[in-house]
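Visitor: coords please:
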Amino acid sequence: IDSPLLLKDQKFIEYIENTLVKIPVEQEDLQAIAFYSWLKAKMTKSNYYDVLLNIANTSTDK
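Guide: Okay, the predicted model is just below:
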C-alpha cells in the first residue's frame, strides 16, 4: 500500500465495503477471503487471525 494513512480514511473503508463482491458461500475463494481479512484487519487495527475467523464463521452461518 503506497499510502498507509488511506487505511484509516472513512471514505476508503466505505468504498471497500461497498465494492466488495458478495457471492454464494459455495463459490467463495479462500485467497480472496484471506486478502479481505488482512485488509480489514489493517483498517480496523485488529488481529488478522481473529478477523479471518470472524469472516469465515459469518460465511458458514448463512
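Visitor: Where does the prediction get shaky in the protein?
Guide: For the chain, applying pLDDT under 70 flags the ranges 1, 21, 25, 59-62.
Visitor: can you give me the strands in it?
Guide: Under the criterion DSSP state E, the chain contains no strands.
Visitor: dump the residue contacts of the most centrally placed residue in it.
Guide: In the chain, the centroid-proximal residue (C-alpha atoms, centre = their mean) is Y36; its distance is 3.1 Å. Residues counted as contacts of Y36 (C-beta atoms under 8 Å, 6 or more residues apart in numbering) are 20, 55. Where C-beta positions appear, they are placed from N, C-alpha and C, glycine not excepted.
Visitor: With A41 instead?
Guide: A41 sits in contact with 47-48, 50-52, where contact means C-beta under 8 Å, 6+ apart.
Visitor: Show me the one in the residues you listed that has more neighbours than the rest.
Guide: In terms of neighbours by other C-beta atoms under 10 Å, the contacts of A41 top out with V51 at 19 neighbours.
Visitor: Wait, that one touches L39, no?
Guide: No: if you go by C-beta atoms under 8 Å, V51 and L39 don't touch, sitting 9.2 Å apart.
Visitor: burial measure for S37, as a count.
Guide: Neighbours of S37 using other C-beta under 10 Å come to 20.
Visitor: residues touching L39, list them.
Guide: 7, 16.
Visitor: returning to that earlier point: tell me which two in the contacts of A41 are the farthest apart.
Guide: N47 and L52 (9.0 Å; C-beta to C-beta).
Visitor: do you know how far N57 is from I33?
Guide: Distance of N57 to I33, computed by C-beta to C-beta, to the nearest Å: 11 Å.
Visitor: Which one's more surrounded, those two?
Guide: Taking neighbours as other C-beta under 10 Å, N57 and I33 compare with I33 leading, 14 against 9.
Visitor: what about the closest residue to the more buried one other than its chain neighbours, neighbour count?
Guide: Leaving aside its chain neighbours, I33 sits nearest to I55 (6.1 Å; criterion: C-beta to C-beta, 6 or more residues apart in numbering). For I55, the neighbour count with other C-beta under 10 Å is 17.
Visitor: Understood, closing this out.
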